[in-house]
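> need a 3D model of the sequence below.
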Amino acid sequence: MDIIRKISEKYNIVFSDESKESLLSILDRKEFGKDEIILEQGQISRFMYIVESGILRQFYYKDGRDITEHFSSEGNVVTCIECLFLAEPTRLFIEAIEPSVVYMLNYENLKNLTNYHSDINMLLRSILEYKLIISQRKADSWRFESSHERYERFCKDYPSVAQRASLSSIASYLLMAPETLSRVRAGVL
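Now for the predicted structure:
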């Protein structure tokens, strides 16, 4: 039931007892070790991954470099939108960067529940809105902010990830070399 509380707090939704039971019935709890790949590039996943504990990282390779697309910690939902909606192979990897407990939520089952529970419908809408806002903020950050501003925003938006993720993963998320991030953190840039 702890995962329902986390989802409720994260997305500011009060679930009925019936909705809580319905959600619990379609959640599948999994544990992943540090550096374990949850979803590989080229796979099709019809799941949303809800983080109960730990941190997940979405990333891809470009020109031989590992680029972090997104971090998700406790209460966050991770998914590859194109893969989820279009049932196309993902271009991203999802990795647990520390030991993590994740609930897998089948998207079709969730959509079916939205027909019967208005609060679950609100949950799905809130998750998708959140994903869109995060994507837009990240794109705007890359376009309009300096290295220092991007790092400050990251620390403000993801304080626990800023303390727990590796320097190289954070640097790749911010589109910086690790050396540049070290200088930004030291206040040199």
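> show me the strands in the protein, by range?
27-32, 37-39, 47-53, 56-62, 65-72, 77-78, 93-96, 100-106 (DSSP state E).
> A162 is nearest to which of these?
Closest to A162 of these is strand 65-72 (Cβ to Cβ; 9.2 Å). The way it works is simple: take the backbone N, C-alpha and C, and place the C-beta from them, glycine included.
> list the buried residues for the closest one?
68-72 (16 or more other Cβ atoms under 10 Å).
> and it with strand 56-62, angle?
160 degrees (axes from the mean of the first three to the mean of the last three Cα atoms, to 10 degrees).
> what's next to strand 65-72, contact-wise?
Contact partners of strand 65-72, identified using Cβ atoms under 8 Å, 6 or more residues apart in numbering, comprise 49, 51, 55-61, 78, 92, 134, 138, 158, 161, 165, 168-170, 172-173, 175.
> still on that earlier bit, and the buried residues of strand 65-72 as a markdown table, adding pLDDT and distance to E108?
Shown next, in a markdown table, are these (pLDDT from 0 to 100; distance: Cβ to Cβ, whole Å):
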| residue | pLDDT | distance to E108 |
| --- | --- | --- |
| T68 | 95 | 29 |
| E69 | 93 | 24 |
| H70 | 94 | 23 |
| F71 | 96 | 27 |
| S72 | 94 | 21 |
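> before we move on, back to that, E179 is nearest to which of the strands of the chain?
strand 65-72 (14.1 Å).
> name the strands paired with the closest one and say parallel or antiparallel.
Partner strands and pairing direction for strand 65-72 (DSSP bridges) are strand 56-62 (antiparallel).
> what is the longest helix along the chain packed up against?
When the chain is parsed with DSSP state H, its longest helix is helix 118-144. In terms of contacts (3 or more Cβ pairs under 8 Å, 6 or more residues apart in numbering; DSSP states H and E), helix 118-144 is packed against helix 2-11, helix 17-26, strand 77-78, helix 107-114, helix 147-157.
> try 10 Å this time
Applying 3 or more Cβ pairs under 10 Å, 6 or more residues apart in numbering; DSSP states H and E, one finds that helix 118-144 contacts helix 2-11, helix 17-26, strand 47-53, strand 65-72, strand 77-78, helix 81-86, helix 107-114, helix 147-157.
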